[in-house]
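Peer 1: Build me a model from this:
(one chain, ligands or ions: 1)
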Amino acid sequence: MKVLVPVKRVLDYNVKPRVKADGSGIDLANLKMSLNPFDEIAIEEAVRLKEKGTATEVVVVTVGVAKAETDILLTARAMGADRAILIQSDDEVEPLGVAKLLAKVVEEEAPGLVILGKQAIDDDANQTGQMLAALLNWPQGTFASKVEADGERVKVTREVDGGLETVDLKLPAIVTTDLRLNEPRYATLPNIMKAKSKPVAKKTVADYGVDVSPRIKTLKVTEPGKRQAGIKVGSVDELVERLKGMGVAK
Ligand code: AMP
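Peer 2: Residues are numbered from 1 along each chain as shown. Now for the predicted structure:
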C-alpha cells in the first residue's frame, strides 16, 4: 500500500509572527520556514507504517513555492519519505484549491491511505483533509491519536471532547493527525545528505487543470491585544483586600 502525505511549508512555530504594516497579512520575509508540525507527525506515522511492512512507499506532496523543494521536501525525505511531488505555486492556494489538487494527485498515485495534518499552523483552517475526503467520497478519521492499519482497513482512535472515539474505516481512506499521535524523528544530517538523491517530481498548478482561484478575501490581520502589566502585592492580606476590591473574593 502506498501512503500519500500532503505537507505544507509554514512559518516556523518558534518564530513570532509579525503583522505587515498595512494589516494585509503576516510578513514572512527572511523568516525561518518549516514543515507544518502536524505534517511532521503525518510523515512519522507513514514511515512507521512502512517500517512495519504495512506501507510499501511513502510519497509526500506540497503545493507551494519552489523553495519548498530544498527545505520541507528535503526534510520529509530525510525523515523517510521515498519521493516527493512539488506542485509549484507562488501564490498561496486556499484549502479548497489544495484539496482539489490533492484529489488529482490521488487519482494519479492511487494511494491506499492519505495522512494529512489536522491543521496548518498558519491559517488554522482545519479543512483540507475533510474537503479531500468529500471530493474523493472516501471515509475519514480526523484528529487521530492512534492509527492501526492493515492492507484492508484502518482503525483510528480520535481525540473527542471528554474521551476517545475509535472508528474503523475501509481503505482507501483519509486520516488527519493530532498532536499526541507520535513524536516525529529528527532529520539527521547524514539522512539529509542521503535524501538529496531521492526524487522530486516538479509540477505546476496548471498541470492539473483545476480552478484554484481565491474565494476568500482577508479583510484585516491584527496583533493580539497587549497584556496589561500586573501588580506586585506586599502581603497575603493586601492580596485579599485587592481581590475583594475587584469583587473576586468576599
Ligand atoms: P489546513 O486545512 O490548511 O489547516 O491544513 C490541513 C492539512 O492539509 C495540513 O496539515 C497539510 O497536511 C495539508 N495541506 C494544507 N495546505 C497544503 C499545501 N499547500 N500543500 C500540501 N498540503 C497541504
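
Peer 1: Spell out which residues of this protein are next to the ligand.
Peer 2: 6-8, 36, 38-39, 42, 61-64, 93, 95, 98, 116-117, 119-120, 123, 125-129 (CB under 6 Å from any ligand atom). Where C-beta positions appear, they are placed from N, C-alpha and C, glycine not excepted.

Peer 1: quick one: which of the residues you listed sit in helices?
Peer 2: Among these, the ones falling in helices (DSSP state H) are 38-39, 42, 95, 98, 128-129.

Peer 1: What is the nearest of the residues you listed to Gly247?
Peer 2: Closest approach to Gly247 among these (CB to CB): Phe38, at 41.4 Å.

Peer 1: Spit out the contact partners of the closest one.
Peer 2: Going by CB atoms under 8 Å, 6 or more residues apart in numbering, Phe38 touches 116-121, 176-179.

Peer 1: Drop anything exposed from these.
Peer 2: Buried members of those, scored by 16 or more other CB atoms under 10 Å, are 116-121, 176-178.

Peer 1: Tell me the one of those residues nearest Gly234?
Peer 2: Closest to Gly234, out of all of the buried ones among the contacts of Phe38 and judged by CB to CB, is Ile121, at 41.9 Å.

Peer 1: would you list every one of the helices in this protein?
Peer 2: Under DSSP H, the chain gives helices at 37-51, 72-79, 95-109, 128-136, 189-195, 236-245.

Peer 1: worst average pLDDT in these?
Peer 2: Least confident of the helices of the chain, judged by mean pLDDT, is helix 236-245 with a mean of 92.
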